[in-house]
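*Asks:* coordinates only, no sequence provided:
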């Protein structure tokens, strides 16, 4: 029999000999592990839900490349003679560079004007953007009816437009739904446009928006004076990819415009906001994990108390084992194994209880708030909770084990 299997067998026999005391000592560890597993699962689920909301409703995953077209000298803005002029080919080249990262790039120009309906004199202020089909992931809302721009719009009929639900509703006095607005016409800058798509309704939107194909004619309509050079927008699929995408863009800009590229092109992103969100979620997880850790420590104290009582009750047994040739480290290992066994059983039961509890809490949250929050279980979280329980068992079992190992065989045999 191996030197490890014998202490394990003795430890399991001791646990079976006192089932009630074993259960009570296991209970503290079980509750601590359950709380830790539930908190980690719920916080991971909340982080995943928050990430999905951020990806769907914000531009935190978007990087903008804008030409620096003016210099500010003594508080006076002076237009540059040779600002950078991004084109569709630039966006396509950058998209190829960023494809391994999972990012898309598009070129765009923004402008404003008045939109009307043929035969109606009512005017509606509109913010228009000339862009490419690659801009669809960067829309504030997905397309609810019709389609977004496609490649044929860039080379063929450029008089098509995709509008926000707010603009579509403002142009339609009949109160038709989004599907009914597809195919209708609007007039802007003395040009008649055919609506081919309508975005989902967004009650928070306060601006009438429209998207048209990025063609030379449409760019002139949006910026007749040429004061706003086209910009490039990059959208990464995952927030974590933003630093890598930013670094790749900087390398691309340096290869294109030299080491002083930042004097000609401005690079803007919401990386600081992303770091703030990630830091807030980490603080939230650490604080709740620390609270759960307190209950796990209480469970460890319970293990230590039980083992100290066990040492007192089995003093004569320890003396007999030492008299038979058992070394101090054999006695110490026996009680450490008993502590780890209690912690191990408690961790297994706690993991199961934590999973059930986290799933139940998530179900209640979904019922009360209608938010699609799920408990996210990962093997890292489960392994961390189990490892923490075993570590607590090892730490709090050390003192009883050392106390048992230091007993004198003669005094132990005389103990009643």
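*Replies:* Thanks, I have the structure now. Owing to the predicted nature of the structure, the values given are computational and were not obtained by experimental measurement.

*Asks:* tell me if I'm right that residue 50 and residue 281 touch.
*Replies:* Yes. When contacts are counted by C-beta atoms under 8 Å, residue 50 is listed as touching residue 281 (7.0 Å). For the C-beta atoms, the positions are set from N, CA and C on the backbone; glycine is no exception.

*Asks:* how many neighbouring residues does residue 125 have?
*Replies:* Neighbours of residue 125 under the rule other C-beta atoms under 10 Å: 12.

*Asks:* residue 246 too?
*Replies:* Summarising burial for residue 246: neighbours were counted as other C-beta under 10 Å, giving 16.

*Asks:* any idea how far residue 162 is from it?
*Replies:* When C-beta to C-beta, to the nearest Å is applied, the distance between residue 246 and residue 162 equals 29 Å.

*Asks:* same check on residue 247?
*Replies:* Residue 247 sits 32 Å away from residue 162, going by C-beta to C-beta.

*Asks:* who has more neighbours, those two?
*Replies:* Neighbours were tallied for residue 247 and for residue 162 using other C-beta under 10 Å; the higher tally belongs to residue 162 (29 against 11).

*Asks:* now do the contacts for that one.
*Replies:* Counting by C-beta atoms under 8 Å, 6 or more residues apart in numbering, residue 162 touches 143, 146-149, 195-199, 210-212.

*Asks:* what residue lies at the spatial centre of this protein?
*Replies:* A centroid search over the chain (C-alpha atoms, centre = their mean) returns residue 51, at 4.2 Å, as the residue closest to the centre.

*Asks:* show me what whichever strand or helix holds that one is packed against.
*Replies:* If you go by DSSP states H and E, residue 51 is part of helix 19-57. Using 3 or more C-beta pairs under 8 Å, 6 or more residues apart in numbering; DSSP states H and E, the elements in contact with helix 19-57 are helix 271-313, helix 328-369, helix 379-405.

*Asks:* how much does that helix deviate in direction from helix 379-405?
*Replies:* Angle of helix 19-57 versus helix 379-405, following axes from the mean of the first three to the mean of the last three C-alpha atoms, to 10 degrees, is 150 degrees.

*Asks:* would you map the helices across the stretch 51-200 of the chain?
*Replies:* Under the criterion DSSP state H, counting those that start in this stretch, the stretch 51-200 of the chain contains helices at 88-98, 151-155, 165-171, 178-181.

*Asks:* of these, which is nearest residue 371?
*Replies:* Comparing the helices of the stretch 51-200 of the chain against residue 371 with C-beta to C-beta, the closest turns out to be helix 165-171 (22.8 Å).

*Asks:* what comes up buried for the longest strand seen in the chain?
*Replies:* Selection of the longest strand in the chain by residue count, based on DSSP state E, yields strand 103-116. Under the neighbour-count criterion of 16 or more other C-beta atoms under 10 Å, strand 103-116 has 103, 104, 105, 106, 107, 108, 109, 111, 113, 115, 116 buried.

*Asks:* got it, and stretch 80-96?
*Replies:* Taking 16+ other C-beta under 10 Å as the neighbour-count basis, stretch 80-96 is seen to contain the buried residues 83, 84, 86, 88, 90, 91, 94, 95.

*Asks:* quick one: end-to-end length of it, please.
*Replies:* Terminal residues of stretch 80-96 lie 30 Å apart, using C-alpha to C-alpha, to the nearest Å.

*Asks:* and it, how far out from the chain middle?
*Replies:* Averaging C-alpha coordinates over stretch 80-96 and over its chain gives two centres that are 32 Å apart (C-alpha atoms, centre = their mean, to the nearest Å).

*Asks:* quick check: mean pLDDT of it?
*Replies:* Looking at stretch 80-96 alone, the average pLDDT works out to 84.

*Asks:* what do you get for stretch 110-121?
*Replies:* Mean pLDDT, taken over the full extent of stretch 110-121, equals 82.

*Asks:* what ranges do the strands span in the stretch 101-250 of the chain?
*Replies:* Secondary structure of the stretch 101-250 of the chain (DSSP state E, counting those that start in this stretch): strands at 103-116, 124-131, 143-146, 160-163, 185-188, 191-199, 209-213, 231-236.

*Asks:* domain assignment for the protein?
*Replies:* What automatic domain parsing lists as the domains of the chain is 5-55+276-413, 61-269.

*Asks:* quick one: mean pLDDT for the first one?
*Replies:* Looking at domain 5-55+276-413 alone, the average pLDDT works out to 77.

*Asks:* roughly how far out does that domain sit from the chain middle?
*Replies:* Averaging C-alpha coordinates over domain 5-55+276-413 and over its chain gives two centres that are 29 Å apart (C-alpha atoms, centre = their mean).

*Asks:* neighbour-wise, which one of the contacts of residue 162 leads?
*Replies:* By neighbour count, taken as other C-beta under 10 Å, the most surrounded of the contacts of residue 162 turns out to be residue 212 (27 neighbours).

*Asks:* and that residue, bridged to which residues?
*Replies:* Under the criterion DSSP bridges, residue 212 forms beta bridges with residue 130.

*Asks:* before we move on, what about residue 78?
*Replies:* Residues in a beta bridge with residue 78, per DSSP bridges, are residue 71.

*Asks:* for it, give its distance to residue 70.
*Replies:* Relative to residue 70, residue 78 is positioned 6 Å away (criterion: C-beta to C-beta).

*Asks:* with residue 394 instead?
*Replies:* As it turns out, when the distance is counted by C-beta to C-beta, residue 394 lies 66 Å from residue 70.

*Asks:* nearest residue to residue 215 in space, please, no chain neighbours.
*Replies:* For residue 215, ignoring the flanking residues on the chain, the nearest one in space by C-beta to C-beta, 6 or more residues apart in numbering is residue 158 at 4.5 Å.

*Asks:* any low-confidence regions in the stretch 51-200 of the chain?
*Replies:* 54-59, 74-75, 77, 156-157, 173-179 (pLDDT under 70).

*Asks:* let's go with 80 and repeat that
*Replies:* Low-confidence segments of the stretch 51-200 of the chain (pLDDT under 80): 51-60, 69-82, 119-122, 155-158, 171-181.

*Asks:* could you check the angle helix 328-369 makes with the helix holding residue 51?
*Replies:* For helix 19-57 and helix 328-369, the angle between their directions (the same axes, to 10 degrees) works out to 50 degrees.

*Asks:* so helix 19-57 versus strand 231-236, what angle?
*Replies:* 160 degrees.

*Asks:* buried residues, stretch 347-358. List them.
*Replies:* Buried residues in stretch 347-358, counted by 16+ other C-beta under 10 Å: 347, 348, 349, 350, 351, 353, 354, 355, 357, 358.
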